[in-house]
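> After the sequence you'll find the predicted model.
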Amino acid sequence: MFISEAFAQAAPAATSAATSPFGSLTGMLPIILMFVVLYFVMIRPQMKRQKEHKAMIDAVQKGDEVVIGGGILGKVAKTGDTFIHVEVAEGVELQVQRSSVVQVLPKGTVK
């Protein structure tokens, strides 16, 4: 009386793999394309920068003029495996990690 009768609807027919052989592939295609774009836009350039930075750090030698992490300019006085000594003023040397070198400057920049 107060509740109307509910009639169940027939379920739609399921599509089989025989009717659409590329159904699962087309569903995954946007996700695959997203990862490909992500790789070429973000991951690959970052790996390239890391490789260039490592090569620059490995090539630092005594006498090079460098910028270290905090923006301090100086001349490399001594080099070691993991640390370098940077002379920032006459008689003042800072011992820093090689990885803190941000940029190698052209000769004659630091006076």
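Received the coordinates, thanks.
> Can you tell me how far Ile31 is from Leu25?
As judged by Cβ to Cβ, to the nearest Å, Ile31 and Leu25 stand 11 Å apart. From N, CA and C alone the C-beta is placed, and that goes for glycine too.
> An error on my part: the question was meant for Val102.
46 Å.
> Wait, Asp64 touches Gly74, no?
No - between Asp64 and Gly74 there is no contact under Cβ atoms under 8 Å: 9.7 Å.
> okay, these two: which has more neighbours?
Remark: of Asp64 and Gly74, Gly74 carries more neighbours, 22 against 19, as counted by other Cβ atoms under 10 Å.
> bridging residues for that one?
Note on Gly74: beta-bridge partners by DSSP bridges are Val66.
> who's in contact with it?
When contacts are counted by Cβ atoms under 8 Å, 6 or more residues apart in numbering, Gly74 touches 65-66, 68, 86-88, 94, 110.
> one step back: same drill for Val102 and Leu25, tell me which one is more crowded.
Remark: of Val102 and Leu25, Val102 carries more neighbours, 15 against 10, as counted by other Cβ under 10 Å.
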